[in-house]
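Trainee: Starting from these lines, generate the structure:
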Amino acid sequence: MKRFDHARRQFLQAATLGSLVSLWPDLLLAGEGQKSTTITSTFKPDVEIELFARNDKVSMMSGAATDVYRYHGQLLQGPSTTLSTMPSYLGPTLNLVQGQKVRIHFHNQLAEPCITHWHGMHVPQRMDGHPMYEIAEGGTYIYEFEVKNPAGTNWYHAHTHELTAKQVYRGLAGLIVIRDEQEQQLQLPSGEYDLPIVIQDRRFTENNQLYYRQHGMHDRMTGFLGDTILINGQINPTIPVKTRAYRLRVFNGSNSRIYKLAWEDGTPLIAIGTDGALLEKPESYPYIMLAPAERVELWVDFSGREVGSALILQSLAFHGAAPSMGMRGRMGGGMEGEAMGMMSGLAQGEQFPIAKFRIAEKVSESPQLPQTLIRMKRLTDRDVSNPDRTIPIAISMAHMSWKLNGRSFEMGNVMDIEKIPVNIIQKIRIFHESHQMHGGRGGMGGGMRGGRGGGMGMMMSMAHPIHLHGQQFQILSRQLTDQQATGGYDTVNQGFINSGWKDTVLVMPGEEVTIIKPFEDYTGLYLYHCHNLEHEDLGMMRNFLVS
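Mentor: Numbering: from 1, shown residues only. The predicted structure follows:
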């Protein structure tokens, strides 16, 4: 897809947004995205940061350094622990506390437009990183917001329309760690025993450069898949640990790859948190599915293991998530080849090791796993403001057109079903649109059903990680509505964490997921989109207008 030049994009954005000004006057500011915002004199920050997006070089393997994009941070005001360095090309981790007021001066030093989104954070529209606010090279955008989120693991990344996939792939991503009083009382592993595990897949040229190019239908369909797994921006690291309990903050930072996390020796995974917060109590899983943008916090106890031994986190084999053309693949077990994902050399759903933990030291003390974690209000149908109006999010890919609710992304456009009153709790149904309805706009009032597809459409169905901006949501239910499209569901369905707060949910072919989401505090445009970043850039993204 050819990218518009920046001036033309700004003109089209302003023209489109003009039609919405009568509904939401703040959208007038969208046309000024190339200009600096100004500091609010009444906003008194507890934390102030300068954040730069710039070109850099990092040494990732022997030989030539790798050209990357990278966030660099400088603390102007606040606790000295606010910024912590991550290895390789990853941006600094922002260590924030619930209730803090934060000001971030974002400077774009790239030779292309850029804007930054605070993924998972509950912030005002103008602070959310909507692509309409992209700034040109040399521009500055000032974010000011209060940290309303509870303790958990979020992240930040570039969110520039049609450039998100490339910019994140080249390095524009970093973690946000939030703490609060309720979490502090639990005395969970901290300091060196609180480890980030950022999983990404990349491809490299013979000269150690990042390879990123969408060529042909397979990359457009599946999203870009790498053949080299990186942990915290490093290739094949061995992580030294002690014989005690750790808190692992595992984050899928890949563009499109889905991971089926499991310990090599069959030890169950103990989840204590998901995208938005800690869970009410620890939960045990044989494996955990982690789609792009999802996070899971794990309690891992290395007690009783021998010094010098190792424990390997791996991704197990699964299928049904990528388009299958009925071909036989090279994966083990006679599994049908996920044909569209095999071109990369590491197919979607193939088994491979992720991270190696080596027992480096024996210690005598370790904290115990709490039986309960946090208090959380579980939302039900009784909390929904208007139970007779369930919002649809219909996923479709027919005729190589990536759509939600029958429409591709339009910078400032919203349909009637995308207009939501502020300060309500809403039920949302996410499903795969019948391929026989390919791209039609009928039934958008909520009567659409994910019916059975056939032919090429059936073979092209795939899993989509759907992300909603704004407040976190809860999963109400999962159900299969199309048995013909659910091949491989039994290889993934025990790995979904359906409790706790989420901002991204993986919707498998033939599956319908119902969520409950608050729309509180802030008005304006909030995106919902597929977080397969290639799909997002190709138009699988829409706006909610909260007013």
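Trainee: mind checking pLDDT for residue 27?
Mentor: If you check residue 27, the pLDDT there is 53.
Trainee: And the strand or helix carrying residue 174, how far out from the chain middle?
Mentor: Applying DSSP states H and E as the criterion places residue 174 in strand 173-179. Distance, stretch centre to chain centre, for strand 173-179: 13 Å (C-alpha atoms, centre = their mean, to the nearest Å).
Trainee: List of residues touching that strand?
Mentor: 71, 86, 90-98, 118-121, 147, 149-158, 196, 198, 249, 251, 253 (C-beta atoms under 8 Å, 6 or more residues apart in numbering). Where you see a C-beta, it was placed from the backbone N, CA and C, and this is true even at glycine.
Trainee: what's next to whichever helix or strand comes after that strand, contact-wise?
Mentor: Sequence order places helix 181-184 as the next helix or strand after strand 173-179, per DSSP H and E. Helix 181-184 is contacted from outside by 98, 150, 151, 278, 374, 375, using C-beta under 8 Å, 6+ apart.
Trainee: If we use 6 Å, what do you get?
Mentor: 151, 374 (C-beta atoms under 6 Å, 6 or more residues apart in numbering).
Trainee: If you count neighbours, what's buried in it?
Mentor: Under the neighbour-count criterion of 16 or more other C-beta atoms under 10 Å, helix 181-184 has 182, 183 buried.
Trainee: and what of stretch 188-195?
Mentor: For stretch 188-195, by 16+ other C-beta under 10 Å, it's 188, 189, 193, 195.
Trainee: so which strand or helix has the second one?
Mentor: Read it as residue 189. Per DSSP H and E, there is no helix or strand for residue 189.
Trainee: Neighbouring strands of the strand holding residue 174 in the sheet, and parallel or not?
Mentor: strand 93-97 (parallel), strand 152-158 (antiparallel) (DSSP bridges).
Trainee: May I see these arranged in a markdown table, with distance to residue 422 and mean pLDDT as well?
Mentor: A markdown table is the format used below for those (distance: least, C-beta to C-beta, whole Å; pLDDT from 0 to 100):
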| stretch | distance to residue 422 | mean pLDDT |
| --- | --- | --- |
| strand 93-97 | 25 | 98 |
| strand 152-158 | 22 | 98 |
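Trainee: Where do the strands of the stretch 201-350 of the chain begin and end?
Mentor: 228-231, 234-235, 238-242, 245-252, 259-263, 269-273, 278-285, 288-290, 295-301, 310-315 (DSSP state E, counting those that start in this stretch).
Trainee: Identify the residues contacting the third one?
Mentor: Contacts made with strand 238-242 from outside it, assessed by C-beta under 6 Å, 6+ apart, are listed as 302, 356, 357, 358, 360, 361, 363.
Trainee: Turn the strands paired with strand 173-179 into a markdown table, columns for mean neighbour count.
Mentor: Listed next are the strands paired with strand 173-179 as a markdown table, based on neighbours: other C-beta atoms under 10 Å:
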| stretch | mean neighbour count |
| --- | --- |
| strand 93-97 | 22 |
| strand 152-158 | 25 |
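Trainee: rewinding a little: give the buried subset of the contacts of strand 238-242 as a PyMOL selection command.
Mentor: Buried subset of the contacts of strand 238-242, written as a PyMOL selection, criterion 16+ other C-beta under 10 Å:
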select buried, resi 302+356+357+358
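Trainee: Among the contacts of strand 238-242, list the two that are farthest apart in space.
Mentor: The distance between the two most remote of the contacts of strand 238-242 (C-beta to C-beta) is 20.0 Å, for 356 and 363.
Trainee: can you tell which of the strands paired with strand 173-179 is closest to residue 166?
Mentor: strand 152-158 (8.7 Å).
Trainee: Give me the subset of the contacts of strand 238-242 lying in helices.
Mentor: Among those, none falls in helices (DSSP state H).
Trainee: what's near enough to touch residue 463?
Mentor: 321, 506, 508.
Trainee: For the last one, grab the count of nearby residues.
Mentor: By that I understand residue 508. Other residues lying near residue 508 total 27 when counted by other C-beta atoms under 10 Å.
Trainee: ok, now residue 200?
Mentor: 25.
Trainee: Check residue 291 too.
Mentor: 25.
Trainee: Check whether it really touches residue 466, as I assumed.
Mentor: No - using C-beta atoms under 6 Å, residue 291 is not in contact with residue 466, being 9.2 Å away.
Trainee: before we move on, back to that, in JSON lines, list the strands paired with strand 173-179 along with distance to residue 229.
Mentor: JSON lines is the format used below for those (distance: least, C-beta to C-beta, whole Å):
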{"stretch": "strand 93-97", "distance to residue 229": "21"}
{"stretch": "strand 152-158", "distance to residue 229": "18"}
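Trainee: so which of those strands gets nearest residue 232?
Mentor: strand 93-97 (10.5 Å).
Trainee: what sits up against the closest one?
Mentor: 81, 82, 84, 86, 147, 175, 176, 177, 178, 179.
Trainee: Please name the residues that touch the fifth one.
Mentor: Contact criterion C-beta under 6 Å, 6+ apart gives 96, 98, 100 as the residues in contact with residue 147.
Trainee: Confirm residue 165 sits in a helix?
Mentor: Yes - counting by DSSP: H, G, I helix; E, B strand; the rest coil, residue 165 is part of a helix.
Trainee: tell me the contacts of it?
Mentor: 255, 533, 534, 537.
Trainee: For the residues you listed, work out which two are farthest apart.
Mentor: Among those, the pair separated by the greatest distance (C-beta to C-beta) is 255 and 537, at 9.8 Å.
Trainee: State the distance from the residue nearest the centre of the chain to residue 545.
Mentor: Taking C-alpha atoms, centre = their mean as the criterion, residue 293 is the residue nearest the geometric centre of the chain, at 1.9 Å. Using C-beta to C-beta, to the nearest Å, one gets 23 Å for the distance from residue 293 to residue 545.
Trainee: Can you pull out the low-pLDDT segments for the stretch 351-500 of the chain?
Mentor: 435-460 (pLDDT under 70).
Trainee: Would you map the strands across it?
Mentor: 352-361, 391-396, 403-404, 419-420, 424-432, 464-468, 474-480.
Trainee: got the angle between the second one and strand 464-468?
Mentor: Angle between the axes of strand 391-396 and strand 464-468 is 150 degrees (criterion: axes from the mean of the first three to the mean of the last three C-alpha atoms, to 10 degrees).
Trainee: now for strand 391-396, which elements pack on it?
Mentor: Packing partners of strand 391-396 (3 or more C-beta pairs under 6 Å, 6 or more residues apart in numbering; DSSP states H and E): strand 424-432.
Trainee: Equivalent analysis for the third one, please.
Mentor: The contact analysis (3+ C-beta pairs under 6 Å, 6+ apart) places strand 403-404 against no helix or strand.
Trainee: Ok, the first one next?
Mentor: If you count contacts as 3+ C-beta pairs under 6 Å, 6+ apart, strand 352-361 packs onto strand 238-242, strand 310-315.
Trainee: Would you mark the buried spots in the first one?
Mentor: To tie it back to what came earlier, the one meant is strand 238-242. 239, 241, 242.
Trainee: From the buried residues of stretch 188-195, pick the one nearest residue 517.
Mentor: residue 188 (27.3 Å).
Trainee: now the closest one, nearest residue through space, not along the chain?
Mentor: residue 247 (5.4 Å; C-beta to C-beta, 6 or more residues apart in numbering).
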